[in-house]
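>>> After the sequence you'll find the predicted model.
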Amino acid sequence: MATDLCGIELAHPVVNGSGTFDAIAAQRAFGDALLERFPFSAFVSKTITPEPRSGNPPPRLWETPSGLINSIGLPNKGLDGFLAEDLPRLGELPVPLVVSVMGTSHDQFRRLVSGVAEREEVAALELNVSCPNVESGTIVGESPDETRSLLDAVRPLTDKPLIVKLTPNAPPVPVAIAAESGGADAISLINTLRATAMDPGGAGPWLGGGSGGLSGPAVRAIALLQVSEVAAAVSIAVVGMGGVASGGDAADLLEAGAAVVAVGTESFRDPAAGRRIASELSARFGLSSSG
Amino acid sequence: MATDLCGIELAHPVVNGSGTFDAIAAQRAFGDALLERFPFSAFVSKTITPEPRSGNPPPRLWETPSGLINSIGLPNKGLDGFLAEDLPRLGELPVPLVVSVMGTSHDQFRRLVSGVAEREEVAALELNVSCPNVESGTIVGESPDETRSLLDAVRPLTDKPLIVKLTPNAPPVPVAIAAESGGADAISLINTLRATAMDPGGAGPWLGGGSGGLSGPAVRAIALLQVSEVAAAVSIAVVGMGGVASGGDAADLLEAGAAVVAVGTESFRDPAAGRRIASELSARFGLSSSG
Amino acid sequence: MSGKPGIAEQGPTLDDGRPLAPFGRRACRVTRNIASGGYRIFSAVDPEGPDPAAGQFYMLAAESGWAAEDGRPYLARAFSVADSDPEGDRVRLDFLVQGVGPGTGRLCSLQEGERLWVHGPLGRPFGVPREAVPGAHGAILVGGGIGIAPLALWRRRLAAAGVPTRVLLGFRDRERSGGLDLFRCSELKVASEDGHQGHRGYVTELLEVMLRGDDADGAVVYACGPPAMLEAVRLLCAERGVACELAMEAPMACGFGACFGCAVPLAEGGYMRLCVDGPVVRGADLATALVPGGGH
Amino acid sequence: MSGKPGIAEQGPTLDDGRPLAPFGRRACRVTRNIASGGYRIFSAVDPEGPDPAAGQFYMLAAESGWAAEDGRPYLARAFSVADSDPEGDRVRLDFLVQGVGPGTGRLCSLQEGERLWVHGPLGRPFGVPREAVPGAHGAILVGGGIGIAPLALWRRRLAAAGVPTRVLLGFRDRERSGGLDLFRCSELKVASEDGHQGHRGYVTELLEVMLRGDDADGAVVYACGPPAMLEAVRLLCAERGVACELAMEAPMACGFGACFGCAVPLAEGGYMRLCVDGPVVRGADLATALVPGGGH
Ligand SMILES: Cc1cc2nc3c(=O)[nH]c(=O)nc-3n(C[C@H](O)[C@H](O)[C@H](O)COP(=O)(O)OP(=O)(O)OC[C@H]3O[C@@H](n4cnc5c(N)ncnc54)[C@H](O)[C@@H]3O)c2cc1C
Ligand SMILES: Cc1cc2nc3c(=O)[nH]c(=O)nc-3n(C[C@H](O)[C@H](O)[C@H](O)COP(=O)(O)OP(=O)(O)OC[C@H]3O[C@@H](n4cnc5c(N)ncnc54)[C@H](O)[C@@H]3O)c2cc1C
Ligand SMILES: Cc1cc2nc3c(=O)[nH]c(=O)nc-3n(C[C@H](O)[C@H](O)[C@H](O)COP(=O)(O)O)c2cc1C
Ligand SMILES: Cc1cc2nc3c(=O)[nH]c(=O)nc-3n(C[C@H](O)[C@H](O)[C@H](O)COP(=O)(O)O)c2cc1C
Ligand code: FES
Ligand code: FES
């Protein structure tokens, strides 16, 4: 089931969702077995910001019916720390590397894109636009205009594929069209749905960050519609994700028009989920082509 | 736990979500026991449109992890049929009646609001704005401007409370503020999240209507955040709903700022869920005030 | 109250004589669960409910371990009552279940002593022949696969009312068979597609032979089974001018008219809600028995 | 490979000598489930895993009936290994579990023969006294409630390595006690808040007495229990200049560093991921042991 994503050859159509798999930490837990049976056909890094961030105060997690709210707050080493410490190690993974970046201004995004794109370890970049533009106050990915203007700012900086990761918290089709018109090479969706939980002890919001993002099977049917509508509206590739837990879920997204499928929260339950889903998928296609 | 909703006195804070309980059909199944132990403190009708609608072709339902997608398509007798046949019977329910209406133009909404509001059986109206304005093509409830202009059109027609029911498919706070500025007496949310499912047999979308709306525990955490943000942003009453299945879920919404809580999908699992949730709620408050 | 003498006399009833359900759901204890062909028969004791009429159904959910597969089943599932027996204040309800997904799978695994959430009895039951056709006096029951469940109770009730009844049952293969035990002492003809018992072929072939003979005169056909079988029965009966009542399936979220999910297309256009206007419907009222999503 | 002689020698290890987990999750058969005080002890046979080090944990989920309460539990749950025993190629793992919610509730009800999804062993284990403090030779184990689980295995490993070990355990009441069976043949002092066994009061009172005497010299304190107890231990040890290692809890979604959910505030500012940089952490590294959401 070899696949192509914006010219990058992938051994199968299953990658990870940004921020849901830390290949370096996983190697600490699982050793080289991780590399020998790497679960994804490309690796997407956690979102990197210009400066280091320590993330949100705990608690950061809340389990919901068939889902998970996270309020992690993008802890990361910042651009320089990432380039110096993590990128060389991620470059040694047996699959192409996609680096996810997020800024709160065009300047920040420009710094991130040019800093990351010039590194040869990097096959593609993902722009995480679920962030406010501090100048306008608008969430970039909720606005077609903001998204287009961000693309205008960063598109000239690199020839490497730019994937724009949409938020599901506003209708995604107009934003996807804006991203395509601004030169994006692919769209990925969905990011998490804004959500919250109350402390069962009555002490107000449970999460240290106040609110967070919902993922997992609870959002699967929402993701499937957004992916299918975006895939119908643009002609660039779509990376579909949201609640994928089985080959059947992945097949639904492919049928809905995704070129590639990403697995997020399911990896928490089964660290090798990506591998399992890829093989369930190829068994399905094997069966259906022979049947 | 008596409550007040825009001046309407309610015996407890639990009502039904529009379209999730048909009191007339339920009486056919349960007889007068339904009236003797009516589960809600107010009854909200299914959404009425100007003309009769037979609804979407089947299948209309798909179960998701901890949720349900419905693609019902608002079957109803139309305004005249409703006023003639259903309203007199709904007027005999032991609780105040809220009638939900939806049009696709200001004209339609005006016809609905004036036709319904003049009837004495009606305590309040709910405007279901999860619909396109056929003139502009925009979903009214996804746009603050469209919502405000709808309120401008119908607010002068009645003194009865107007509740505006928001869609969760776009950020609700600006729309809620627009509704309040246009004279809405209350906001209710959330309606269902747009979602879809594929036929397990590979025959494309499962639902006869192509896509539908997700409800149930899967959306609870999304609802809780939207309700809490809207309640913080407006000073009119908020009717909170989305995935409520227990007194604890209802208490969370009240803590988040809702004045009243609505139960939708949970009634399908337990026809008397509204009653159970109201009593769990009062047990909680009883306990917490004594402890 | 238009009670049906000898069929469903007890309990409060409404318009068409259907027994009413107690309002709300209640917990019923499972008293047995046995294999029957490829299906399971389990019994639960309803502490509150009336004796149901044949053709009515219940919404069932296991009290524990529901939602156990990836968050499904979430909703209760609809099941025809296959037999019922008032025991003092209580009613023993028997269900015949075929495991096809997470809900039926969980129900098939119920242990004695576990509890079920139940609401029902729900829906419109079968009507005696003379209600369907003035002067009709005999009944032909046609069941396919798991669809034999409601016919089992209907046969018992018809026998008690002295209505002459013939029964035709069809199964696909040994794995998809069962429930014959519920038809003790019936005049019974069986067909199976793989020939493992009775006539090799479709049960509708048995029906066709029967309708062709004169002995179908004055009889009403009652059928339950997969959509394709029901559609064949509907067309056969229409062709021969024989009245038929079909017990149908549609995806149901609520069972009591609340969700409008169980739409079945009407001959006159539009849809009915199968849970309140069915599940037993007259063949003549239907646009088709092939309802998308309506059965396996 | 900096193996810890006598403590965790087998299997592939990385930097701090922790045994590595096989990649991915695997199904392990449950071989027993017994009551122990108010808790349950169940055993599962791991067909693949290495012998874990004391202080490591596993992510567990029942293969069937997970998600059974309103769609929860959805994620696997973290449990310290309380005892382990290599049996040929396999390892028997014992877990001590207190039912506090849907996940622990389901695990408490596991039947012999059922299967668990398991990934692990995970995280940083306890370190022998001389690694924590050069020249230290003795160990004081302080456990509270369900927190005695990892200490049980640790005591066994320390004994095997010939490290002199004293054990102090505290329980709130009879309902929240258990696991003492895992401390057979230990030098043991027990406290209970309701006085149902041993000293009436907190286990930290026993520790305070012990630290006040000279006999705490050259000992390292290893503690696991509720946040308030761990914080008291941390402060006591800091005050007395005694090194301590705390086995902590935080909500965990993954257990292997993937989700960044298990943040615990560091003394130097910022957070660690408890699943990879813990769950055993040095008292001196922590800003506080009172991590919001970190325990009941
Ligand atoms: C009035 C009535 C009476 C019935 N009586 C009986 C009876 O006596 N005995 C009996 O065994 N059955 C009976 N049924 C059928 C029974 O209700 C269904 O088999 C049952 O609901 C299936 O549930 P499940 O969870 O096992 O499988 P599901 O997976 O819910 O259903 C299986 C079928 O539903 C569809 N499906 C698959 N995935 C999904 C999904 N995610 N969401 C929604 N649909 C999906 C597919 O078409 C699949 O073939 C009756 C149904 C009705 C309406
Ligand atoms: C490293 C480690 C080792 C552990 N070792 C053991 C052990 O050996 N034995 C043992 O019994 N336990 C152990 N625990 C604790 C155990 O993991 C928890 O008790 C378990 O996860 C609780 O799951 P639950 O589903 O039963 O309850 P939950 O309901 O998930 O958890 C109960 C607590 O979580 C919070 N909570 C309530 N509702 C929710 C919700 N919807 N989503 C998220 N949180 C919620 C509340 O604070 C509540 O008190 C360990 C934990 C860690 C991190
Ligand atoms: C704990 C966690 C952290 C995440 N961090 C990021 C991130 O850093 N950048 C990003 O673009 N998406 C992030 N996501 C979103 C996922 O990549 C994915 O879009 C989302 O979880 C939906 O997929 P799923 O349901 O398979 O998890 C995160 C999700 C989770 C659960
Ligand atoms: C089957 C079904 C039909 C619905 N019909 C309507 C409707 O006619 N009008 C409306 O405003 N909302 C309708 N809703 C939305 C509910 O009123 C409610 O907003 C939503 O389901 C979320 O609540 P819940 O999770 O408790 O169901 C419907 C929901 C369902 C499940
Ligand atoms: S099943 Fe809900 S209306 Fe029929
Ligand atoms: S539990 Fe996921 S990073 Fe620690």
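Alright, I've got the coordinates. Ligands and ions are numbered 1, 2, ... in the order given.

>>> Residue in chain A with the shortest distance to ligand 2?
A:E63 (3.7 Å; CB to the nearest ligand atom). For every residue, glycine as well, the C-beta is placed using N, CA and C.

>>> no wait, the stretch 151-296 of chain C
Taking CB to the nearest ligand atom, the stretch 151-296 of chain C has C:A253 as its residue nearest ligand 2, at 24.6 Å.

>>> one step back: secondary structure class for the residue of chain A closest to ligand 2?
strand (DSSP: H, G, I helix; E, B strand; the rest coil).

>>> now the strands: where do they sit in the stretch 101-250 of chain C?
In the stretch 101-250 of chain C, the segments counted as strands under DSSP state E, counting those that start in this stretch are C:115-122, C:138-144, C:165-171, C:188-192, C:199-200, C:219-224, C:244-247.

>>> what does the stretch 1-150 of chain A give?
Under DSSP E, counting those that start in this stretch, the stretch 1-150 of chain A gives strands at A:3-5, A:8-10, A:14-16, A:43-44, A:61-64, A:67-70, A:97-101, A:122-128.

>>> can you check the stretch 151-291 of chain A too?
Here the stretch 151-291 of chain A has its strands, by DSSP E, counting those that start in this stretch, at A:162-165, A:186-189, A:193-195, A:212-215, A:237-241, A:260-263.

>>> so what strands line up beside the longest strand seen in chain C?
Counting residues, the longest strand in chain C under DSSP state E turns out to be strand C:26-36. Here strand C:26-36 is paired, per DSSP bridges, with strand C:39-46 (antiparallel), strand C:115-122 (antiparallel).

>>> Is it in proximity to ligand 1?
No. In terms of CB under 6 Å from any ligand atom, no part of strand C:26-36 sits within range of ligand 1; the closest distance is 11.4 Å.

>>> quick check, distance from that strand to the centre of its chain.
18 Å (CA atoms, centre = their mean, to the nearest Å).

>>> and if you look at stretch A:173-183?
For stretch A:173-183, the distance to the chain centre is 17 Å (CA atoms, centre = their mean).

>>> which helix of the chain spans the most residues?
With no chain named, the answer covers chain A. Counting residues, the longest helix found in chain A (DSSP state H) is helix A:273-290.

>>> actually it's chain C I care about, not the one you picked
Per DSSP H, chain C has its longest helix at helix C:227-240.

>>> Output the contacting helices and strands for it.
The contact analysis (3 or more CB pairs under 8 Å, 6 or more residues apart in numbering or on different chains; DSSP states H and E) places helix C:227-240 against strand C:138-144, helix C:203-212, strand C:219-224, strand C:244-247.

>>> one more time with 7 Å
Other helices and strands packing on helix C:227-240, by 3 or more CB pairs under 7 Å, 6 or more residues apart in numbering or on different chains; DSSP states H and E, are helix C:203-212, strand C:219-224, strand C:244-247.

>>> Now render these as CSV, adding mean pLDDT.
Below are the helices and strands packed on helix C:227-240 laid out as CSV (pLDDT from 0 to 100):
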stretch, mean pLDDT
helix C:203-212, 90
strand C:219-224, 95
strand C:244-247, 96
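
>>> about what we covered before: any chance of the strands of the stretch 1-150 of chain A in CSV, with mean neighbour count, mean pLDDT and distance to chain C too?
As requested, the strands of the stretch 1-150 of chain A are exported to CSV (neighbours: other CB atoms under 10 Å in any protein chain shown; pLDDT from 0 to 100; distance: least, CB to the nearest CB, whole Å):
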stretch, mean neighbour count, mean pLDDT, distance to chain C
strand A:3-5, 19, 94, 26
strand A:8-10, 18, 97, 27
strand A:14-16, 29, 98, 18
strand A:43-44, 25, 98, 24
strand A:61-64, 25, 97, 10
strand A:67-70, 29, 98, 9
strand A:97-101, 26, 98, 28
strand A:122-128, 24, 98, 28
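
>>> what about stretch A:122-132, near ligand 3?
Yes. Part of stretch A:122-132 sits near ligand 3 under the criterion CB under 6 Å from any ligand atom, namely A:N128.

>>> Is that stretch in proximity to chain B?
No. Judged by CB under 7 Å from any CB of the partner chain, stretch A:122-132 makes no contact with chain B; its nearest approach is 12.2 Å.

>>> which residues touch that stretch?
A:6, A:8, A:18, A:44, A:47, A:96-102, A:104, A:113, A:116-117, A:138-141, A:147, A:150, A:160-167, A:188, A:191 (CB atoms under 7 Å, 6 or more residues apart in numbering or on different chains).

>>> Just the buried ones out of those residues, please.
A:6, A:8, A:18, A:44, A:47, A:96-102, A:113, A:116-117, A:139-141, A:147, A:150, A:160-167, A:188, A:191 (16 or more other CB atoms under 10 Å in any protein chain shown).

>>> which of the residues you listed come close to ligand 2?
With CB under 6 Å from any ligand atom as the criterion, the buried ones among the contacts of stretch A:122-132 include none near ligand 2.

>>> For the residue of chain A found nearest ligand 1, give its distance to B:L214.
Proximity to ligand 1, evaluated over chain A using CB to the nearest ligand atom, is greatest for A:A221 at 9.1 Å. From A:A221 across to B:L214, the span is 5 Å (CB to CB, to the nearest Å).

>>> Find the nearest non-adjacent residue to A:C6, please.
A:P161 (3.7 Å; CB to CB, 6 or more residues apart in numbering or on different chains).

>>> Oops, could you answer that again for C:E69 instead?
Nearest to C:E69 is C:P102, by CB to CB, 6+ apart, at 4.2 Å.

>>> Burial check on that neighbour, number of neighbours?
C:P102 has 19 neighbours, counted by other CB atoms under 10 Å in any protein chain shown.

>>> cool, and the one 3 residues further on?
When counting by other CB under 10 Å, one arrives at 14 neighbours for C:G105.

>>> what's the distance between the residue lying closest to it once chain neighbours are set aside and C:Y39?
Spatially, and ignoring its direct neighbours in sequence, C:G105 is nearest to C:G99 (4.8 Å; CB to CB, 6+ apart). Using CB to CB, C:G99 is found at 8 Å from C:Y39.

>>> more neighbours, these two?
Counted by other CB under 10 Å, C:G99 and C:Y39 do not tie: C:Y39 has more neighbours, with 25 against 15.

>>> Overlap in contacts, A:A221 and B:L214.
Contact criterion CB under 7 Å, 6+ apart; residues shared by A:A221 and B:L214: B:64, B:69, B:195.

>>> unless I'm mixing things up, the last one is touching A:A221, no?
Yes. Between B:A195 and A:A221 there is a contact under CB atoms under 7 Å: 3.7 Å.
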